[in-house]
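**Student:** Here you go, sequence then predicted model.
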Amino acid sequence: MMSAPTLLGICAAVLIGCGMYGFIVNPQTLRKILAFNVVGSGVFLLFGAIARRGAGAGFGGDPVPQALLITGIVVAFSATALAVALLVRLHDVAGSVSLASDPPSEPESDAGST
Amino acid sequence: MIDLVTAGIAALILALAIWTVAARDTLAAVIGFVTFGLMLTLAWVRLVGVDVALTEAAIGGGLTGALMIGAASRLRPLETAAEAERPRGMVRLLAAVMAAGVSIALIICVLALPNPAPTLAPDTAANMNATGVLNPITAVLLAFRAMDTLLEAIVLVFALIGVWSLAPDRAWGGRPGLRQHADPNGILAYIARVLPPIGIIVGTYIFWIGADLPGGKFQGATIVAAMWLLVIMAGLADAPPISRTWLRVGLVAGPLVFIAIGAYGAVAAEAFLAYPAGFAKPLIIVIELALMPTLALILGLLVIGAPLRAEKS
């Protein structure tokens, strides 16, 4: 017997792993932000599954974690907006958003130093 | 026995997450992410968190999606350059092993959760009468955990200050984002004329019923902000210059009212953010009314981004 909270809790655990893999492997910075949001959604869903298990007193879920989730989603959005703004500014200033230690867009840098 | 609907939703969520992570094209990944947010909304409904579902649909899927699509289209020329930096097989293998390890550890934790689960639901139910609101989420957000909500509103203001501070010097005080051009007779301009009156009513309704039913200021403010963004994106109105006094007053009015009522609680009741007996509901309504326009302004401006154009005087 697998209940909805358990099933979605497992789904959330896989989401977190999936997002972490994308965060490490994707070279594009925007994709890293996107993958980080997948991790965040997984954490929220896991917390939501735990909230659902705390149902009682006539409520479908524990209202305290559910309210904290709403706060969390809004704060995650504001952090994402700041990250994207940093990225767009980096693009405007440097013309590249590469995180590589020796970006190909700087051929004038000293070839000998590493 | 497995609940088939929930299993189907979980499978779709996982498939969309994999697409978001693995798709070659960034714009395709972003669109996958928006759909992922909408599917998550269904998962929230399955978890009987309708308030969270509304927030996820409006902010997790909608606003984050709009933000990401804007950034993806601006960064599109760099798409091919980044492809060369994709890590080698060994790094990817290690990343996959680590990610799988984290997932497996979490799955073990999920299966080992205590039964019966610890819960604050009975405490919430027992104390909700004192607040006068009927939606337990609103009672938690604005009475039991009001400090979290206050700090969250302040975090939003700080995030916007952070975004604005990325403006080039010449554009400081000017208008955020790029000037939007759309065909004034096109479908976008048409929708931007027809939809906002409906959207504003829906947003205000969701805000107002938040006291008693699922809804509230965050969800309502997001819908109002989305209507504002639609009008801006259709070129019917321009974003206001960030040096405007009314704008800056609007951005801090919500948190300031919240802090003022909190300080009043320190005098009239026994603690900061405590409400005097019998006045909880009117004070909660005042806080929500003050926060709603502030949240709508901040959420909209966070999507638009840093000022890029000097104000023409």
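**Tutor:** Happy to help now that I have it.

**Student:** hey, let's count contacts and neighbours off CA atoms from now on
**Tutor:** Will do.

**Student:** The helix or strand hosting B:Asp148 vs chain A: in contact?
**Tutor:** In this assignment (DSSP states H and E), B:Asp148 forms part of helix B:146-164. Yes. Under the criterion of Cα under 8 Å from any Cα of the partner chain, helix B:146-164 makes contact with chain A via B:148-149, B:152, B:155-156, B:159-160, B:162-163.

**Student:** quick one: buried residues of that helix?
**Tutor:** By neighbour count on 16 or more other Cα atoms under 10 Å in any protein chain shown, the buried set for helix B:146-164 is B:146-150, B:152-157, B:159-160, B:162-164.

**Student:** Which element, helix or strand, includes B:Ala253?
**Tutor:** Here B:Ala253 sits within helix B:245-268, counting by DSSP H and E.

**Student:** where along the stretch 1-150 of chain B do the helices fall?
**Tutor:** Counting by DSSP state H, counting those that start in this stretch, the segments of the stretch 1-150 of chain B that form helices are B:4-22, B:26-46, B:50-55, B:64-74, B:79-83, B:89-111, B:121-127, B:136-139, B:146-164.

**Student:** Find the one among the ones you listed with the highest mean neighbour count.
**Tutor:** For those, ranked by mean neighbour count under the definition mean count of other Cα atoms under 10 Å in any protein chain shown, the leader is helix B:136-139 at a mean of 29.

**Student:** Just the mean pLDDT for that helix, thanks.
**Tutor:** Averaging the model's pLDDT scores along helix B:136-139 yields 86.

**Student:** Quick one: list the elements packing against that helix.
**Tutor:** In terms of contacts (3 or more Cα pairs under 8 Å, 6 or more residues apart in numbering or on different chains; DSSP states H and E), helix B:136-139 is packed against helix A:63-94.

**Student:** Report the angle between the helix it packs on and helix B:146-164.
**Tutor:** Orientation note: helix A:63-94 sits at an angle of 10 degrees relative to helix B:146-164 (axes from the mean of the first three to the mean of the last three Cα atoms, to 10 degrees).

**Student:** what's helix A:63-94 packed up against?
**Tutor:** Other elements packing on helix A:63-94 under the criterion 3+ Cα pairs under 8 Å, 6+ apart are helix A:29-53, helix B:50-55, helix B:64-74, helix B:121-127, helix B:136-139, helix B:146-164, helix B:280-304.

**Student:** Report the buried residues of that helix.
**Tutor:** Judged by neighbour count using 16+ other Cα under 10 Å, the buried positions of helix A:63-94 are A:63-89, A:91.

**Student:** cool, and stretch B:191-202?
**Tutor:** B:192, B:196, B:199-200.

**Student:** then stretch B:44-64 to PDB, C-alphas only?
**Tutor:** Coordinates of the C-alpha atoms in stretch B:44-64 are reproduced here as PDB (Å, rounded to 0.1, in the frame of the first residue of the first chain):
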ATOM      1  CA  TRP B  44      -0.200  20.000  -4.500                       C
ATOM      2  CA  VAL B  45      -3.900  19.400  -5.000                       C
ATOM      3  CA  ARG B  46      -3.300  15.700  -4.400                       C
ATOM      4  CA  LEU B  47      -1.500  16.700  -1.100                       C
ATOM      5  CA  VAL B  48      -4.600  18.800  -0.100                       C
ATOM      6  CA  GLY B  49      -2.500  22.000  -0.100                       C
ATOM      7  CA  VAL B  50      -4.800  24.200  -2.300                       C
ATOM      8  CA  ASP B  51      -3.100  27.400  -1.000                       C
ATOM      9  CA  VAL B  52       0.300  26.000  -2.000                       C
ATOM     10  CA  ALA B  53      -1.100  24.800  -5.400                       C
ATOM     11  CA  LEU B  54      -2.300  28.400  -6.100                       C
ATOM     12  CA  THR B  55       1.100  29.800  -5.100                       C
ATOM     13  CA  GLU B  56       3.000  27.200  -7.200                       C
ATOM     14  CA  ALA B  57       0.800  27.900 -10.300                       C
ATOM     15  CA  ALA B  58       1.200  31.600 -10.000                       C
ATOM     16  CA  ILE B  59       4.800  32.000  -8.900                       C
ATOM     17  CA  GLY B  60       6.600  28.700  -9.400                       C
ATOM     18  CA  GLY B  61       5.200  28.200 -12.900                       C
ATOM     19  CA  GLY B  62       4.000  31.600 -14.000                       C
ATOM     20  CA  LEU B  63       6.300  34.300 -12.800                       C
ATOM     21  CA  THR B  64       9.500  32.200 -12.700                       C
END
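
**Student:** Need the residues that contact it.
**Tutor:** The set of residues external to stretch B:44-64 that reach it, using Cα atoms under 8 Å, 6 or more residues apart in numbering or on different chains, is A:4-5, A:45, A:48-49, A:52, A:60-61, A:66-67, A:69-70, A:73-74, A:77, A:80-81, B:6, B:33-38, B:40-43, B:137, B:214-216, B:218-219, B:222-223, B:226, B:303.

**Student:** next one: stretch B:122-135
**Tutor:** Judged by Cα under 8 Å, 6+ apart, the contacts made with stretch B:122-135 from elsewhere in the structure are A:56-57, A:63-64, B:136, B:139-140, B:143, B:210-214, B:277-278, B:280-281.

**Student:** Sort out which of these are buried, if you could.
**Tutor:** In terms of neighbour count (16+ other Cα under 10 Å), the buried residues within the contacts of stretch B:122-135 are A:56-57, A:63-64, B:136, B:139-140, B:143, B:210-214, B:280-281.

**Student:** Just the closest of those to B:Val97, please.
**Tutor:** Taking Cα to Cα as the measure, A:Val64 is the one of these closest to B:Val97, at 34.7 Å.

**Student:** What separation do you get for the closest one and B:Gly216?
**Tutor:** 15 Å (Cα to Cα, to the nearest Å).

**Student:** Walk me through the domains of chain B.
**Tutor:** When chain B is parsed into structural domains using automatic domain parsing, the resulting residue ranges are B:1-86, B:123-313.

**Student:** mind putting the ones you listed in JSON lines, distance to B:Ala117 included?
**Tutor:** Compiled in JSON lines, the domains of chain B are given as follows (distance: least, Cα to Cα, whole Å):
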{"stretch": "domain B:1-86", "distance to B:Ala117": "15"}
{"stretch": "domain B:123-313", "distance to B:Ala117": "14"}
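
**Student:** Rounded mean pLDDT for stretch B:53-73, please.
**Tutor:** This predicted structure assigns stretch B:53-73 an average pLDDT of 89.

**Student:** Any stretches of chain A with poor pLDDT?
**Tutor:** Using pLDDT under 70 as the threshold, the predicted model of chain A has low-confidence ranges A:1, A:101-114.
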